[in-house]
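Colleague: Here is a sequence with its predicted model. Questions after.
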Amino acid sequence: MQRLFSIIFCALIAASTSAQSDKIIGIWLTGDKSAHVEIYKSNNQFTGKIVWLKEPNNPKTGKPWLDEQNESPSKKTQPLIDSLILWGFSFENGKYTGGKVYDSRDGKIYTGKLSLQKTSIP
């Protein structure tokens, strides 16, 4: 009976940790309110992609914004919507760390961490 209790207790701890780590999954508005980023879990890591842009088209061309600043020539012609901008984040000790963040404005990749903050809606 004690062994069964231990197994159930360990399963509950694992489920609780997973539920807490999954709180970041969803669609989030960026700090500057110019984009929505969808964060999802893949292979036990958190990844994010742009799913909406406040200004989806380049006013000069009338076409969707492209990832023109990307250092990879093959990605320069890819639309920003659906492009990965977060990857490799793990949830440990209450924090999302170990990942990379791509900034399409300068084409650079940075190390980063993610966190959830309480905000009030005006």
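Modeller: Cool, got the structure.

Colleague: which residues in this protein form helices?
Modeller: 2-21 (DSSP state H).

Colleague: Could you list the low-pLDDT ranges of it?
Modeller: 1-19, 119-122 (pLDDT under 70).

Colleague: For it, which segments count as strands?
Modeller: Secondary structure of the chain by DSSP state E: the strands cover 26-29, 35-42, 45-53, 84-92, 95-103, 108-114.

Colleague: could you dump these to TSV with mean neighbour count?
Modeller: Where you see a C-beta, it was placed from the backbone N, CA and C, and this is true even at glycine. Formatted as TSV, the strands of the chain follow (neighbours: other CB atoms under 10 Å):
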stretch	mean neighbour count
strand 26-29	13
strand 35-42	16
strand 45-53	18
strand 84-92	17
strand 95-103	16
strand 108-114	13
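
Colleague: Looking at those, which is nearest to Thr61?
Modeller: Thr61 sits nearest to strand 45-53 of all those, at 14.3 Å, using CB to CB.

Colleague: Please work out which residues outside that closest one touch it.
Modeller: Strand 45-53 is touched from outside by 24-25, 27-28, 34-41, 65, 80-91, 96, 99, 104, 114, with contacts defined as CB atoms under 8 Å, 6 or more residues apart in numbering.

Colleague: I'd like the distance between the residue minimising distance to the centre of the chain and Gly88.
Modeller: For the chain, the residue sitting closest to the mean C-alpha position, by CA atoms, centre = their mean, is Gly48 at 2.9 Å. Gly48 is 11 Å from Gly88, where distance means CB to CB, to the nearest Å.
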